[in-house]
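1. Quick one, structure for this:
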Amino acid sequence: MTLHEYPDLDMLALRLADRLASNLRQALERTETVLFVVPGGTTPGPIFDTLSAVDLEWARVRVLLSDERWVPEDDPRSNTKLVRERLLTGRAAAAQMVPLHEEGLTPHAALEKLTEGVEPALPIDVCLLGMGADMHTASLFPGAPGLSAALGPEAPVLTVQVPEGQPETRISLSARVLRVAVALHVVITGAAKKEALERAVHLPPEEAPIAALLDRADIHWAE
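-> Predicted structure coming up:
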């Protein structure tokens with residue numbers, strides 16, 4: 001794990017967007033089509049705003065969410081909505097989004113179809129993740145039913161997660177898919193999440209799911 005600290009949130013967004021753009025350019029030199037995995041939530045919005053204006057061969061980039069809440073795509077809590085509005089605009093509008101939601105189906109009913117869409121795009125070339133103060137990442141929450149299977153070496157590509165205390169069922173990439181990304185970044189903000197990160201280093205992934213990825217990750221933090 002490598003920790004990068006920034007003086008403020010604006011600098012974090014600018015520097016991390018530049019780092020991600022560099023990773024994407026390097027990947028585009030290696031392969032015809034690049035897979036870029038991104039998180040939902042509020043933290044990545046400013047990063048997406050900056051990145052969407054970068055001059056890249058976006059038409060060769062596939063964008064995939066690390067996880068999605070099972071809500072309609074026009075719902076304010078939809079990660080797909082966030083990515084379409086904040087990342088897939090401007091120059092980045094040429095990128096293609098790999099779906100992680102299927103209208104009219106339950107998560108379990110949609111799982112096979114969604115997996116068939118994701119698998120051909122793997123492995124991940126560039127991955128950006130977030131982390132909650134509870135040390136979850138993607139939709140891998142501590143203590144959630146089925147978490148051990150989602151963390152295991154034989155985990156499926158996608159898993160259905162029903163975290164306690166969360167209002168929606170979720171679809172999430174498994175830890176084994178996330179951890180083999182060529183470039184793996186985690187963005188966190190605030191003192192509480194930094195303290196959580198420091199705890200996660202000493203905990204097993206069942207208690208701190210982010211711990212399954214820390215040995216390969218660059219962590220980016222600002223107050």
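2. Does anything pack onto the helix ranked longest in the chain? Which helices or strands?
-> If you go by DSSP state H, the chain has its longest helix at helix 9-30. Contact analysis of helix 9-30 by 3 or more Cβ pairs under 8 Å, 6 or more residues apart in numbering; DSSP states H and E lists strand 34-38, helix 45-51, strand 126-130, strand 183-189, strand 218-222 as its packing neighbours. From N, CA and C alone the C-beta is placed, and that goes for glycine too.
3. change it to 6 Å
-> helix 45-51, strand 218-222 (3 or more Cβ pairs under 6 Å, 6 or more residues apart in numbering; DSSP states H and E).
4. Adding mean neighbour count as columns, could you present the ones you listed in CSV?
-> Shown next, in CSV, are the helices and strands packed on helix 9-30 (neighbours: other Cβ atoms under 10 Å):
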stretch, mean neighbour count
helix 45-51, 20
strand 218-222, 20
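5. ok now the longest helix of the chain, how far from the chain's centre?
-> 15 Å (Cα atoms, centre = their mean, to the nearest Å).
6. residue ranges for the strands of the protein, please.
-> 2-5, 34-38, 61-65, 67-69, 96-98, 126-130, 158-161, 170-173, 183-189, 218-222 (DSSP state E).
7. Strand partners (parallel or antiparallel) of the fourth one?
-> Think strand 67-69. strand 170-173 (antiparallel) (DSSP bridges).
8. Reformat the strands of the chain as a markdown table; add distance to Phe48 and mean pLDDT.
-> Shown next, in a markdown table, are the strands of the chain (distance: least, Cβ to Cβ, whole Å; pLDDT from 0 to 100):
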| stretch | distance to Phe48 | mean pLDDT |
| --- | --- | --- |
| strand 2-5 | 18 | 96 |
| strand 34-38 | 7 | 98 |
| strand 61-65 | 10 | 98 |
| strand 67-69 | 16 | 97 |
| strand 96-98 | 13 | 97 |
| strand 126-130 | 9 | 98 |
| strand 158-161 | 23 | 96 |
| strand 170-173 | 18 | 97 |
| strand 183-189 | 11 | 98 |
| strand 218-222 | 14 | 98 |
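9. how about those strands in JSON lines, adding distance to Pro145?
-> Formatted as JSON lines, the strands of the chain follow (distance: least, Cβ to Cβ, whole Å):
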{"stretch": "strand 2-5", "distance to Pro145": "32"}
{"stretch": "strand 34-38", "distance to Pro145": "24"}
{"stretch": "strand 61-65", "distance to Pro145": "21"}
{"stretch": "strand 67-69", "distance to Pro145": "16"}
{"stretch": "strand 96-98", "distance to Pro145": "26"}
{"stretch": "strand 126-130", "distance to Pro145": "22"}
{"stretch": "strand 158-161", "distance to Pro145": "8"}
{"stretch": "strand 170-173", "distance to Pro145": "12"}
{"stretch": "strand 183-189", "distance to Pro145": "24"}
{"stretch": "strand 218-222", "distance to Pro145": "28"}
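10. Out of those strands, which gets nearest to Thr106?
-> Within those, the stretch nearest Thr106 is strand 158-161; the backing value is 8.9 Å (Cβ to Cβ).
11. Kindly export that closest one (C-alpha atoms) in PDB.
-> Output of strand 158-161 as PDB, limited to C-alpha atoms (Å, rounded to 0.1, in the frame of the first residue of the first chain):
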ATOM      1  CA  LEU A 158     -20.400 -10.400  -9.900                       C
ATOM      2  CA  THR A 159     -22.100 -11.000  -6.600                       C
ATOM      3  CA  VAL A 160     -25.500  -9.900  -5.200                       C
ATOM      4  CA  GLN A 161     -25.000  -8.200  -1.800                       C
END
